[in-house]
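> no sequence for this one, just the structure:
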């Protein structure tokens, strides 16, 4: 006689199922200028001016532009209604380093002019860490709750026509929400 674990099932009422069906995406928004100034101060010793608008801004509704684009490997959900890309966290599934599952964004940007560029990843999620891997190394930021809004930031020195390529992924217990990738030319 085999011993199989006892399976348990949760009973749902019609009201509970309807409530779960209509669950709303979290509200995630880009950072304000004051936080961007703080981020640049941590990354760069000299004082800089951040322009009012980004040189490039990529979102679920606007994933490409003349200056660059965002491709996604296995998004958990590409949600234009909430303007979020749900990203499954990276998790190791085999013994080797390259054996993983999850979502990865591949971002490419062509610099319109020489200068220093601030790269910002705006995101949210429950105990989620965003990882931006690029020529600067690995830049990370942590978000404690889904109602928080966090930013991973990095600096890149570009030349006119030069190309920046970097990846973005999330680590944590469940799923992260990518709101936008923004790139600012610092003055």
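Perfect, thanks for sending it. This structure is a prediction, so every number in the text was calculated from the model and none was measured.
> For the chain, which segments count as helices?
Secondary structure of the chain (DSSP state H): helices at 14-21, 33-43.
> Out of the ones you listed, which gets the lowest mean score?
Ranked by mean pLDDT, the helices of the chain end with helix 14-21 at the bottom, a mean of 57.
> so where's the chain uncertain?
1-34, 37, 41, 44-45 (pLDDT under 70).
> ok, residue 109 - contacts?
56, 67-68, 117, 163-165, 183 (CB atoms under 8 Å, 6 or more residues apart in numbering). Bear in mind the C-beta positions are built from the backbone N, C-alpha and C, glycine included.
> Residue 151 now?
Applying CB under 8 Å, 6+ apart, we find residue 151 in contact with 31, 35-36, 39, 120-123, 141.
> For ChimeraX, what selects the buried ones among the residues you listed?
Buried residues within the contacts of residue 151, by 16 or more other CB atoms under 10 Å, are selected in ChimeraX with:
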select :31,36,39,120,121,122,123,141
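> For residue 187, state which of the contacts of residue 151 is nearest.
Checking the contacts of residue 151 against residue 187 with CB to CB, the nearest one is residue 36 at 12.9 Å.
> What residues does that closest one make contact with?
By CB under 8 Å, 6+ apart, the contact set of residue 36 is 50, 118, 120, 151, 153, 184.
> repeat that for 10 Å
Contacts for residue 36 (CB atoms under 10 Å, 6 or more residues apart in numbering) come out as 30, 48, 50, 54, 118, 120, 151, 153, 182, 184, 186.
> Residue 123 versus that one, what's the distance?
15 Å (CB to CB, to the nearest Å).
> Same question for residue 186.
22 Å.
> what does residue 146 give?
11 Å.
> And residue 83, by the same measure?
Distance from residue 83 to residue 123, by CB to CB: 13 Å.
> Give me the neighbour count for the residue lying closest to residue 182 once chain neighbours are set aside.
Closest residue to residue 182 apart from its sequence neighbours, by CB to CB, 6 or more residues apart in numbering: residue 54 at 4.1 Å. When neighbours are counted by other CB atoms under 10 Å, residue 54 registers 20.
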